[in-house]
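**Student:** Here is my input, please return the structure:
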Amino acid sequence: MWPGQSLTDLTSRVVTEIAGILRIEQLDWVVVQGDTSSAFAAYAAVCEPIPVAYLEAGLRTGTRQEPFPQDINRRLISQLADLPFAPTATADWPRFSAHPPGAYGRPLATPPGQQLS
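**Tutor:** Residues are numbered from 1 along each chain as shown. Below you'll find the predicted structure:
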């Protein structure tokens, strides 16, 4: 962020600049992770249109305002994702996903204490 830059300005700048890169790169998929405004690369991808895989899908705090804006970002990005990947076996992504369970196969989850191979 720049000094004095609003969250709205930052998010619109991220989307605009990422969209330009996506047009040049001609990607098959965009993978986004996390819940910061940079993860709104997902929105730019949908507009291009490029499918989106979202790591950390399903994480929620239960309130949109804590932490702000991260929980709102998670909710919005989950709605844009074509392929959600839940980070834990307990992440309740189907309840919050725009896609019905089984629409794209099961979400990939890492059981607690284990790594994917």
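
**Student:** looking only at pLDDT, what's the mean for stretch 30-41?
**Tutor:** Regarding stretch 30-41, the rounded mean pLDDT is 84.

**Student:** Need the distance between the two termini of that stretch.
**Tutor:** Terminal residues of stretch 30-41 are spaced 8 Å apart (Cα to Cα, to the nearest Å).

**Student:** now the strands: where do they sit in this structure?
**Tutor:** Secondary structure of the chain by DSSP state E: the strands cover 30-33, 52-55, 83-85.

**Student:** so which of these gets nearest residue 46?
**Tutor:** The closest of those to residue 46 is strand 52-55. By Cβ to Cβ, the value is 6.3 Å. Just so you know, the C-beta spots here come from the backbone N, C-alpha and C atoms, and that holds for glycine as well.

**Student:** that older thread, would TSV of the strands of the chain with mean neighbour count and distance to residue 67 be doable?
**Tutor:** TSV is the format used below for these (neighbours: other Cβ atoms under 10 Å; distance: least, Cβ to Cβ, whole Å):
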stretch	mean neighbour count	distance to residue 67
strand 30-33	20	16
strand 52-55	21	18
strand 83-85	21	20
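
**Student:** Reformat the ones you listed as CSV; add distance to residue 73.
**Tutor:** Shown next, in CSV, are the strands of the chain (distance: least, Cβ to Cβ, whole Å):
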stretch, distance to residue 73
strand 30-33, 10
strand 52-55, 11
strand 83-85, 14
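
**Student:** Nothing else from me, thank you.
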